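Asker: following is a predicted model, sequence given first.
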Amino acid sequence: DTEALCDALESGALAGAGLDVVEPEPLPKSHRLWNIKTAMITPHCAGGDEFGEIYPSIIEVWFENLLHLQAGEPLLNRVDTETGYRV
């Protein structure tokens, strides 16, 4: 229930959420979930083994971004929600 999730995140009842799949998908550009800073949205690719050789690189970037997040630094490979392309 995407709207209930948004309500919980916005009210602080839930501290944060990492989402690989959303409803509806694709999530409209105007959806409020894009503007909730405690929501992390990945491009529906976070859980599969179909990545083969690039999977270690994905994990490396994820951990690097965790360090950046903890340090208050810009994240790597950010996506512009307006264009859908990497910043």
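Answerer: Done, it's in. Since this is a predicted model, take the numbers as computed values, not measurements. Numbering: from 1, shown residues only.

Asker: helix, strand or coil for A4?
Answerer: Assigned by DSSP: H, G, I helix; E, B strand; the rest coil, the conformation of A4 is helix.

Asker: check contacts around it.
Answerer: A4 makes contact with no residue, according to C-beta atoms under 8 Å, 6 or more residues apart in numbering. Where you see a C-beta, it was placed from the backbone N, CA and C, and this is true even at glycine.

Asker: okay, which residue is most central for the chain?
Answerer: I41 (2.0 Å; C-alpha atoms, centre = their mean).

Asker: tell me how far the closest residue in space to that residue that isn't next to it in sequence lies from E53.
Answerer: In this structure, I41 finds its nearest non-sequential neighbour in L19, 5.0 Å apart by C-beta to C-beta, 6 or more residues apart in numbering. Separation of L19 from E53 (C-beta to C-beta, to the nearest Å): 26 Å.

Asker: which one of those two is surrounded by more residues?
Answerer: Between L19 and E53, L19 has the larger neighbour count (other C-beta atoms under 10 Å), namely 16 against 6.

Asker: so what's that one up against?
Answerer: Counted by C-beta under 8 Å, 6+ apart, L19 has contacts L33, A39, M40, I41, T42.

Asker: the last one against G18, yeah?
Answerer: Put plainly, it is T42. Yes. The pair T42 / G18 is scored as a contact, 7.3 Å apart, by C-beta atoms under 8 Å.

Asker: pretty sure M40 sits in a helix.
Answerer: No. Counting by three-state DSSP, M40 is not found in a helix; it is strand.

Asker: excluding chain neighbours, what is closest to it?
Answerer: Per C-beta to C-beta, 6+ apart, closest to M40 is G18, 4.6 Å.

Asker: now G18: which helix or strand?
Answerer: Element membership for G18 (DSSP states H and E) is strand 17-19.

Asker: poorly predicted segments of this protein, please.
Answerer: 45-52, 84 (pLDDT under 70).

Asker: the longest helix in it is where?
Answerer: Identified as the longest helix of the chain according to DSSP state H is helix 55-71.

Asker: so which bits of it are buried?
Answerer: N65 (16 or more other C-beta atoms under 10 Å).
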